[in-house]
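Novice: Below is the structure, and that's it, no one-letter string:
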């Protein structure tokens with residue numbers, strides 16, 4: 001089948017923006033930021049936006065608009081700039097990190113689902129048919145992966161609709177939270193639950209665990225990588241309507257909205273949440289913090305409007321369940337996109353003579369279904385092994401997680417580092433150009449590369465500073481191992497006799 005043939009309706013600007021929201025924006029990131037740093041989180045989120053998110057988005061906009069017909073997304077960008085081998089290795093590291101993310105998310109997705117149904121996380125009580133909760137959640141995760149793979153293999157239209165739906169719901173969750181906060185602010189005559197005490201409020205965290213320089217630097221790294229995931233949108237480039245215009249516009253609009261919403265949300269949490277009264281309790285953790293803060297916002301809203309305590313509790317329960325709905329939808333939307341985009345970019349972006357013809361074959365809907373099912377099998381196997389393998393399997397999963405800590409961000413070194421070489425290409429049509437001067441390209445490359453390198457180095461050093469040498473070892477080994485595996489795979493594939501087939505299709509050339 002000709003892979004250049006357009007299939008189905010193209011993705012428009014609004015759908016692209018919602019898909020980016022579903023993939024990049026995490027409502028829970030604002031609650032975690034407030035819990036860890038209070039109002040002081042805002043300055044670091046602005047820093048991360050200015051020195052990472054904004055320039056990377058502009059780079060990706062230039063990559064995408066110039067290579068508007070490329071099926072490979074990030075692979076195609078890197079191949080044009082720095083060559084096939086480096087593109088293969090960099091994209092393989094990226095793909096491995098997203099596979100580990102899918103293993104984790106297939107289980108985590110049931111927490112907001114439980115909050116939606118029951119008003120709190122009840123997954124630890126799910127013991128069915130003699131299985132413990134870990135095993136039940138593991139089986140649900142496998143069913144989820146297989147279901148999403150089947151639905152995704154039916155065409156990009158379905159993925160776009162689910163991603164758009166997820167983006168709309170997480171946007172609706174954010175808008176409702178902001179409206180609730182404004183009502184509380186007006187009803188309380190401008191009095192904040194978390195008062196502002198001069199300039200120190202914007203610089204010093206109320207959390208005792210985040211007052212040391214090392215802890216603050218760890219938060220800066222967290223803030224930088226809270227903006228990651230944008231590069232995955234390259235996998236839908238060839239499905240966009242007028243991609244040379246739609247892609248850069250969608251990226252820039254989404255980038256500005258996400259930047260503003262992160263900082264605004266952190267600020268607005270202070271309207272309903274007194275840090276010491278609500279968040280200093282030992283029962284508060286990263287898994288339940290969003291639901292605790294949304295429930296508290298409902299209680300404060302009810303009391304501010306003069307409602308009875310019972311009515312306020314019901315309001316808090318409603319907001320908790322809506323938070324569960326919004327976060328569940330965000331997980332669903334991002335899962336559909338990430339299950340498709342990385343594997344599609346890697347398999348269809350690379351020279352298809354490197355692969356068996358069945359693996360790169362696209363189905364009637366234009367999807368690399370066989371590759372997607374192989375990926376589903378690997379993810380399902382890992383989920384099953386972790387859920388049913390006992391303590392040894394749990395340790396193996398922790399090792400995989402540690403290995404992906406840096407591996408998930410290492411591809412940015414490729415994307416950013418390759419940008420000057422990409423700019424030097426004179427044979428590309430460039431509908432969108434932001435960095436017009438060579439010195440601008442060099443300056444932004446060195447600046448952003450420095451931020452990413454700092455984040456990666458600090459991520460490796462932090463467990464050493466905490467004397468957790470096992471985590472440090474696997475964190476450092478992760479990208480090296482995946483990179484070496486990618487190199488070995490590339491070397492093996494290029495050494496064996498290749499079937500005679502076209503670069504952009506699977507039809508054998510006689």
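Specialist: Cool, got the structure. As the structure is a prediction and not an experimental result, all values here were calculated from the model.

Novice: make it CA atoms for all contacts and neighbour counts henceforth
Specialist: Noted.

Novice: in this structure, which residue is closest to the centre?
Specialist: Nearest residue to the geometric centre of the chain (CA atoms, centre = their mean): residue 229, 4.3 Å.

Novice: so what's that residue up against?
Specialist: Neighbour list for residue 229: 23, 24 [criterion: CA atoms under 8 Å, 6 or more residues apart in numbering].

Novice: Tell me how far it lies from residue 143.
Specialist: In this structure, residue 229 and residue 143 are separated by 25 Å, where distance is defined by CA to CA, to the nearest Å.

Novice: Let me know whether residue 335 touches residue 104 as I believe.
Specialist: No. Applying CA atoms under 8 Å as the test, residue 335 and residue 104 come out as separate, 11.0 Å apart.

Novice: neighbour count winner among those two?
Specialist: With other CA atoms under 10 Å as the criterion, residue 335 and residue 104 differ in neighbour count, and residue 335 comes out ahead with 28 against 18.

Novice: residues in contact with the spatially closest residue to that one that is not a sequence neighbour?
Specialist: Leaving aside its sequence neighbours, residue 335 sits nearest to residue 102 (CA to CA, 6 or more residues apart in numbering; 7.2 Å). For residue 102, the contacting residues are 335, 338, 339, 379, by CA under 8 Å, 6+ apart.

Novice: Give me the subset of the residues you listed lying in helices.
Specialist: When DSSP state H defines the helices, the subset of those inside them is 335, 338, 339, 379.

Novice: pLDDT weak spots in the protein?
Specialist: Per-residue confidence of the chain (counting by pLDDT under 70) places the weak regions at 1-9, 238, 391-394, 396-397, 401, 405, 496-510.

Novice: quick one: residue 222 and residue 228, what's the gap?
Specialist: As it turns out, when the distance is counted by CA to CA, residue 222 lies 10 Å from residue 228.

Novice: cool, residue 385 as well?
Specialist: Using CA to CA, one obtains 28 Å as the distance from residue 385 to residue 228.

Novice: Which residues does stretch 303-317 contact?
Specialist: For stretch 303-317, with CA under 8 Å, 6+ apart as the criterion, the contacting residues are 119, 184, 187-188, 294-302.

Novice: One more pass at 10 Å, please.
Specialist: Contact partners of stretch 303-317, identified using CA atoms under 10 Å, 6 or more residues apart in numbering, comprise 115-116, 118-120, 183-189, 272, 291-302, 318-323.

Novice: Among those, name the ones in helices.
Specialist: Using DSSP H, the subset of these located in helices is 115-116, 118, 183-187, 272, 291-302, 318-323.

Novice: Among the residues you listed, name the buried ones.
Specialist: Of the members of the ones in helices among the contacts of stretch 303-317, the ones counted as buried by neighbours, 16 or more other CA atoms under 10 Å, are 115-116, 183-185, 272, 291-302, 318-323.

Novice: Please give me every residue in contact with residue 282.
Specialist: With contact set as CA under 10 Å, 6+ apart, residue 282 has no partners.

Novice: Equivalent analysis for the one 3 residues further on, please.
Specialist: When the contact criterion is CA under 10 Å, 6+ apart, the partners of residue 285 are 32, 35, 279, 292.

Novice: I'd like the distance between the first one and residue 266.
Specialist: Look at residue 32 and residue 266: by CA to CA, they are 9 Å apart.

Novice: Residues that sit against both of those two, list them.
Specialist: Between them, residue 32 and residue 266 share the neighbouring residues 38, 41, with contact defined by CA under 10 Å, 6+ apart.

Novice: which one of these two has more residues nearby?
Specialist: Neighbours of residue 32 and residue 266, each counted by other CA under 10 Å, are more numerous for residue 266; the result is 24 against 19.

Novice: For that one, which non-adjacent residue is closest in space?
Specialist: Taking CA to CA, 6+ apart as the measure, residue 266 lies nearest to residue 30, with 5.4 Å between them; neighbours along the chain are not counted.

Novice: Looks like residue 262 contacts residue 48 (just checking).
Specialist: No. The criterion here is CA atoms under 10 Å, and residue 262 misses it with residue 48 at 11.0 Å.

Novice: all helices for the stretch 151-300 of the chain, in order.
Specialist: If you assign secondary structure with DSSP state H, counting those that start in this stretch, the helices in the stretch 151-300 of the chain sit at 156-187, 213-225, 243-272, 289-304.
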